[in-house]
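>>> Here is my input; please provide its structure:
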Amino acid sequence: MSNVSMDQIKELRQRSGAGISSCKKALEETGGGMSEAIEYLQKKGLAKAKAKGKEAREGIVHAYIHPGGRVGVMVEVNCNTDFVARTEDFTDFSENVAMQIAAMSPLWVDTESVPDDALAKQKEIFGEQAKASGKPEKVIEKIVEGKIRKWYSDVCLLNQPYVQDDKQTIDALRGSLISKTGENIVVSRFVRYELGEKDE
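Modelled structure (predicted):
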């Protein structure tokens, strides 16, 4: 298995519509070749089947109000065609994502959406915590990497375990819909409101 850079993963993700972990595995399995990795994802049903470069501009803005009315969510979910946007599967996915946001309060859609300063601050915090344990520098780096991965699974929507089935992430749930519809499915943005909560 070869070492794969984040730039390669990002490029493959943009070109295929597959999740980060799927892109990483595809690149590792194919020795880092972009076209081979795309073919690998297509064979696994994880890549978008529409014409390359076609953007996901259709979709819906789905609104969800949690029972009791204390939490409300609006989420934009996109796909390639209006036909898929009107399907029950697409609507159900959008509803499930909105409920996930209501329940788990993610801050960002995915790891690429995390601002550099927020990531740097979190690494600094975890680094200080690890240093306090008296571990060697090389061990500290590994500890920080592990804590960042765990942090991503808390604050990034697509990295969160799905509340209705924690054996899969929201990104895996999205991958299932991509396989089923043959279209790129993108969670573009969301906003979550909670009664009495003030903007910082």
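>>> pLDDT score for the residue lying closest to Q164 once chain neighbours are set aside?
Closest residue in space to Q164, ignoring its immediate chain neighbours: N96 at 7.0 Å, by Cβ to Cβ, 6 or more residues apart in numbering. No exception for glycine: its C-beta is placed from N, CA and C like everyone else's. We have a pLDDT of 97 for N96.
>>> Provide a list of residues in contact with the spatially most central residue of the chain.
Nearest residue to the geometric centre of the chain (Cα atoms, centre = their mean): L158, 2.6 Å. Counting by Cβ atoms under 8 Å, 6 or more residues apart in numbering, L158 touches G19, I20, V109, D110, T169, I170, D171, R174, V187.
>>> where does the chain have low pLDDT?
The model of the chain has pLDDT under 70 over residues 1-2, 47-54, 198-200.
>>> Going by neighbour count, which residues in the helix of greatest length in it are buried?
Across the chain, the longest stretch assigned as helix under DSSP state H is helix 137-155. For helix 137-155, burial by neighbour count (16 or more other Cβ atoms under 10 Å) applies to I140, I143, V144, K147, I148, W151, Y152, V155.
>>> ok, back up a step: now the contacts of L158: which count as buried?
Here, 16+ other Cβ under 10 Å leaves G19, I20, V109, D110, T169, I170, D171, R174, V187 buried among the contacts of L158.
>>> May I see the contacts of L158 organised as TSV, with distance to V73 and secondary structure added?
Below are the contacts of L158 laid out as TSV (distance: Cβ to Cβ, whole Å; DSSP: H, G, I helix; E, B strand; the rest coil):
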residue	distance to V73	secondary structure
G19	22	coil
I20	23	helix
V109	13	coil
D110	17	coil
T169	18	strand
I170	13	helix
D171	18	helix
R174	17	helix
V187	12	strand
